[in-house]
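*Asks:* Sharing a model prediction with you, sequence too.
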Amino acid sequence: MTARGHLRVYLGAAPGVGKTYRMLDEAHRRRDRGADVVIGFVESHGRTLTEAMIDDLETVPRAVFTSHGERFEEMDLDAVLARRPQVVLVDELAHTNAPGARNAKRWQDIQVLLDAGVTVLSTLNVQHLESLNDVVEKITGVRQHETVPDAWVREADQIELVDMTPEALRRRLAHGNVYGVDQIDAALGHHFRIGALTALRELALLWLAGRVDEELERHRGAHAAAPAWQARERVVVALTGGPGGEALIRRAARIAGRDRGADLLAVHVSLGDGPVGADPAQLARQRMLVEDLGGTYHQVLGEDVPSALIDFARAVDATQLVVGASRRGRIANLLRPGVGVATMARSGPIDVHLVTHEESCARPRRPRTGAVSGRREAAGHALALIALLLLALPWMPRGEAYLSNGILLVFATVTVTALVGGLWPALVAALGGFVLLNLYFTEPYLTLTVTHSRDTLALVVFVVVAVAVSVVVDQAARRTREAARASAEAQTLAAVAGSVLRGSRPLEALLERLRETFSLESVALLERRPGASARPDHRQDPRAWEAVASVGDRPCGAPGGADVDVPVDEELTLVLYGHRPRAAERRIIGAFAAQAAVALRQQRLAQEAAAAVPLAEADRMRTALLAAVSHDLRAPLASAKASVTSLRSREVRFSEEDQAEFLATADESLDRLSRLVTDLLDMSRLQAGVLGVTVRDLSPRESVFAALDELGPAGRAVRVRVPEELPLVAADPGLLDRVLANVLGNALRFSPPDRPPTVAASWTGDEVELLVADHGPGVPEHERERMFVPFQRLGDTDNETGLGLGLALSRGLMEAMGGSLRPETTPGGGLTLRLTLPVATV
């Protein structure tokens, strides 16, 4: 079986960084070492140094393909396989092959060569990677349609980055070492802007860094004993969801900020069998802070907090771990080390920062021990008292013979009392039962003295077991209540998150959910007005606050007038009116408040993004206009000026024929300039909504022939199938003539000479349709809308045929007249443009 060949890819951020030259240099090095090297396909782009490197290497002749009358040269895959070199050079890895080639994409050709055991050297620009396609479009304004799957490129044996600073690349471009002289100005103003080149360079570096991380992980996976190499700083901060978490996050962010490129990760460990200790509102606010500081938030499940922290830190290759100092007392720390100390003991090579803060100095508040309400605890005491009184009644059997029965009855009383009233009633029942057993079931009776040692042992064991049963039952009841509360909180919080993610108005939906959950009259999210905090009564003054969102009747205008106010941050406060929720419900209300702040931030970001869209579009139009002005408007001006200057020259005497030719050139150039300026002005008027349209009844047949006359001799080739009985349409005659001239001229350019375009017409009801069909290469369906974007020349590469405004302007003019312009596929191949106009009213 033939061994697979090796693939080496030279990756660059933009054309001209030197990928092809570096590939050719490697080819020469391998040839000089005795390797059999050939060129399968290398494009020199007219660069002198590249051509010099190509000349002394063997080149496999290219295959020639013809499509729609055009000639294409591609790599001859079969010839390369027949030649069977050791190394073959294949430029432009993402290139799309011409119709008729063996594979649709060049990278598929390379795969065939690799499978045949041939080593391949190739080149690739970062904008052709499939995963970066949309990002590159935002940077450059151009969508790349020649892409290659990232997964395939990542499988390459070697990927070498060919890097160059944006300033150096622009100098190369200005010196003519990248593109021809006629393309330099447009490139400098568009794709080769400093900002665009810097962003593309960053994309290339980040993509390659990700691939290096994958290689490192594969190496560590293959060598289990290999130590973890921290190639860059990763700082992990442990969050408990309690107070003081913000201080830990900011401290960790400062530590990460000391090393450029360091990662900040926050992690919260949820205990699988422990009580619910984390405040969801605190966690939500801390998560927002982490994300605002450029970090990421993670939540893991574990049985032991220190072990879970260390496992997470090692899994992400952390270099430093930030943990808050324990708030436990000295005795508790002596009995059992805190999380920080235990984590430090197990950290190994990871640096652990034990950070103190204000909250760590405060003694933790002791939570209420009981798992039941005060009413249930009172019921438990009553039950214990009644059961003990029943045991003390005279008709109950007594004596040492019934001691075991008495112990069982007291056990039952303790268990039932613990289930009903919790720990303290159960302890009362256990101690009361001990006294009754001592008085009535052990000799001497009616005294606390015990005669037999065996009875003493039985009573002591009974008390110990009764107390243990009380504690166990109380803890089980507490865990059950906590689990039920956690489940209810989880369901509520899930509904909160769903309200934020769903719907067009998530903030109002969130507040409405809060109002319904707690049966409130109104809920409002208030934002402090600038400078309001300086007023001493600002919490009671509605003028100091602005309601950014509210639901229900009579929303409060200030925190002082609400039943409950929950501060979210220094500026935002959630206010509730209707009744005061229970203390246990405040955790959920705090989570609602934190999510409301998230929803408000999302809403404002969406508004800012929507406001930025027109600005971005205007910037794109301005950039495209400057690029167009730099060449398309300058070319006719230069041609007209050269003709006039030649005519005015006294050094050379031109014949009458030469003079007539100069005048014709100047006239043609100025006509072209006039058309370009007119198109630009009309497009700007269309976008501003101030284009003057004078609609009247006219014959579409006459407009077709007027447009053909405007096209000159070329228009005579168009086949006209417009019936004379076609009804009149309501349109602006001048604008309709321009639209038809643009559309017909476009069809003539793309139709082969032996199959001229056709214009046909029909009408149905109150609409007349004109169909302009060509038989050219056509336009893929996913590309058609791009034809109507200003300054796009879809399929044009000469940059000599105008600004790319024709179809965009034509659609805009049709819509201004109340019509439409839609692209379709011509039967048999080609593009049909369907123009629809309203029939004139009689």
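*Replies:* Everything's here; your move.

*Asks:* what about residue 348, neighbour count?
*Replies:* 10 (other C-beta atoms under 10 Å). The C-beta positions use only the backbone N, C-alpha and C, and glycine is treated the same way.

*Asks:* quick one: contacts for it?
*Replies:* By C-beta atoms under 8 Å, 6 or more residues apart in numbering, residue 348 lies in contact with residue 310.

*Asks:* For it, give me phi and psi.
*Replies:* Note on residue 348: backbone dihedrals following degrees, to the nearest 10 are phi 70, psi -130.

*Asks:* I'd like the distance between it and residue 557.
*Replies:* 57 Å (C-beta to C-beta, to the nearest Å).

*Asks:* for residue 160, same thing?
*Replies:* Taking C-beta to C-beta, one finds residue 160 at 65 Å from residue 557.

*Asks:* in the strand or helix carrying residue 740, what's buried?
*Replies:* Assigned by DSSP states H and E, residue 740 falls within helix 733-750. By neighbour count on 16 or more other C-beta atoms under 10 Å, the buried set for helix 733-750 is 733, 735-748, 750.

*Asks:* for stretch 767-779, same thing?
*Replies:* In stretch 767-779, counting by 16+ other C-beta under 10 Å, buried: 768, 769, 770, 771, 772, 773, 774, 775, 776, 777, 778, 779.

*Asks:* The last one and residue 787 touch, don't they?
*Replies:* Pointing back at residue 779 there. Yes. Residue 779 lies in contact with residue 787 (C-beta atoms under 8 Å); the separation is 6.4 Å.

*Asks:* the more surrounded of residue 160 and residue 557?
*Replies:* More neighbours surround residue 557 than the other of residue 160 and residue 557, with 20 against 17 (other C-beta under 10 Å).

*Asks:* Spit out the contact partners of that one.
*Replies:* So residue 557 contacts 524, 526, 542, 545, 547 (C-beta under 8 Å, 6+ apart).

*Asks:* which among these gets closest to residue 353?
*Replies:* residue 526 (37.5 Å; C-beta to C-beta).

*Asks:* Near the closest one, how many other residues are there?
*Replies:* 26.

*Asks:* Report pLDDT for it.
*Replies:* Residue 526 is assigned 90 on the pLDDT scale.

*Asks:* Am I right that it sits in a strand?
*Replies:* Yes. The assignment for residue 526 is a strand, going by DSSP: H, G, I helix; E, B strand; the rest coil.

*Asks:* Surely it touches residue 549?
*Replies:* No. Contact criterion C-beta under 8 Å: residue 526 and residue 549 do not qualify, at 9.3 Å.

*Asks:* Look up the closest residue to the residue nearest to the spatial centre of the chain, ignoring the ones flanking it.
*Replies:* Using C-alpha atoms, centre = their mean, the residue of the chain that lies closest to the mean C-alpha position is residue 135, 10.1 Å off. Spatially, and ignoring its direct neighbours in sequence, residue 135 is nearest to residue 203 (6.7 Å; C-beta to C-beta, 6 or more residues apart in numbering).

*Asks:* now residue 570
*Replies:* Nearest to residue 570 is residue 528, by C-beta to C-beta, 6+ apart, at 7.6 Å.

*Asks:* Repeat that for residue 245.
*Replies:* Counting by C-beta to C-beta, 6+ apart, the residue nearest residue 245 is residue 286, at 4.5 Å.

*Asks:* What residues does the residue nearest to residue 570 make contact with?
*Replies:* 538, 544, 545, 546, 570, 571, 572, 573.

*Asks:* tell me the helices in the stretch 51-200 of the chain, going along the chain?
*Replies:* 77-83, 106-115, 133-140, 150-154, 166-174, 181-189, 194-222 (DSSP state H, counting those that start in this stretch).

*Asks:* Report the mean confidence score over stretch 581-593.
*Replies:* 73.

*Asks:* what comes into contact with the helix or strand where the residue nearest to residue 245 lies?
*Replies:* Residue 286 belongs to helix 280-292 when assigned by DSSP H and E. With contacts defined as C-beta under 8 Å, 6+ apart, helix 280-292 is touched by 237, 239, 241-243, 245-246, 249-250, 264, 266, 268, 296-297, 489, 493, 566, 568-569, 587-595, 597-598, 601.

*Asks:* dump the residue contacts of the residue nearest to residue 135.
*Replies:* So, once contact is read as C-beta under 8 Å, 6+ apart, residue 203 ends up touching 13, 126, 132, 135, 136, 139.

*Asks:* Can you give me the distance of it to residue 128?
*Replies:* In terms of C-beta to C-beta, residue 203 sits 12 Å off from residue 128.

*Asks:* just residue 120 next, same as before
*Replies:* Residue 120 is 16 Å from residue 128, by C-beta to C-beta.

*Asks:* swap in residue 115?
*Replies:* 22 Å.

*Asks:* on that earlier part again, please name the bridge partners of the residue nearest to residue 570.
*Replies:* Residue 528 has these beta-bridge partners by DSSP bridges: residue 545.

*Asks:* Give me the angle between the host helix or strand of residue 711 and helix 733-750.
*Replies:* Using DSSP H and E, residue 711 maps to helix 700-711. Relative orientation of helix 700-711 versus helix 733-750 (axes from the mean of the first three to the mean of the last three C-alpha atoms, to 10 degrees): 60 degrees.

*Asks:* So which of the buried residues of stretch 767-779 are in strands?
*Replies:* Judged by DSSP state E, the buried residues of stretch 767-779 include 768, 769, 770, 771, 772, 773 as members of strands.

*Asks:* Point out where the stretch 251-400 of the chain drops to low pLDDT.
*Replies:* Applying pLDDT under 70 to the stretch 251-400 of the chain flags residues 260-261, 272-278, 327-337, 357-373, 395-396, 399-400.

*Asks:* Which parts of it are helices?
*Replies:* Counting by DSSP H, counting those that start in this stretch, the helices of the stretch 251-400 of the chain are 280-292, 305-315, 330-335, 339-346, 358-361, 374-391.

*Asks:* Looking at those, which is nearest to residue 674?
*Replies:* Of the helices of the stretch 251-400 of the chain, the one closest to residue 674 (C-beta to C-beta) turns out to be helix 280-292, at 54.9 Å.

*Asks:* Pull out the buried residues from that closest one.
*Replies:* 280, 281, 282, 283, 284, 285, 286, 287, 288, 289, 290.

*Asks:* which of those residues lies closest to residue 353?
*Replies:* Closest to residue 353, out of all of these and judged by C-beta to C-beta, is residue 290, at 16.4 Å.

*Asks:* who are the neighbours in contact with the nearest residue to that closest one once chain neighbours are set aside?
*Replies:* Leaving aside its sequence neighbours, residue 290 sits nearest to residue 266 (C-beta to C-beta, 6+ apart; 4.4 Å). Neighbour list for residue 266: 236, 237, 239, 249, 252, 286, 287, 290, 295, 296, 297, 298 [criterion: C-beta under 8 Å, 6+ apart].

*Asks:* any chance of those in TSV, plus distance to residue 175?
*Replies:* Compiled in TSV, the contacts of residue 266 are given as follows (distance: C-beta to C-beta, whole Å):
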residue	distance to residue 175
236	49
237	51
239	55
249	50
252	48
286	54
287	52
290	48
295	44
296	44
297	49
298	50
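
*Asks:* Return the member of the residues you listed nearest to residue 762.
*Replies:* Using C-beta to C-beta, those come closest to residue 762 at residue 296, 60.4 Å.

*Asks:* Now do the same contact list for the closest one.
*Replies:* 263, 264, 265, 266, 290.

*Asks:* give me the number of residues near the closest residue to residue 235 other than its chain neighbours?
*Replies:* Counting by C-beta to C-beta, 6+ apart, residue 256 is the residue found nearest to residue 235 once chain neighbours are left out, at 4.3 Å. Residues near residue 256, counting by other C-beta under 10 Å, number 25.

*Asks:* how close does residue 256 get to residue 318?
*Replies:* Relative to residue 318, and taking C-beta to C-beta, residue 256 is found at 11 Å.

*Asks:* Mind listing the shared neighbours of these two?
*Replies:* The contact lists of residue 256 and residue 318 share residue 235, where a contact means C-beta under 8 Å, 6+ apart.
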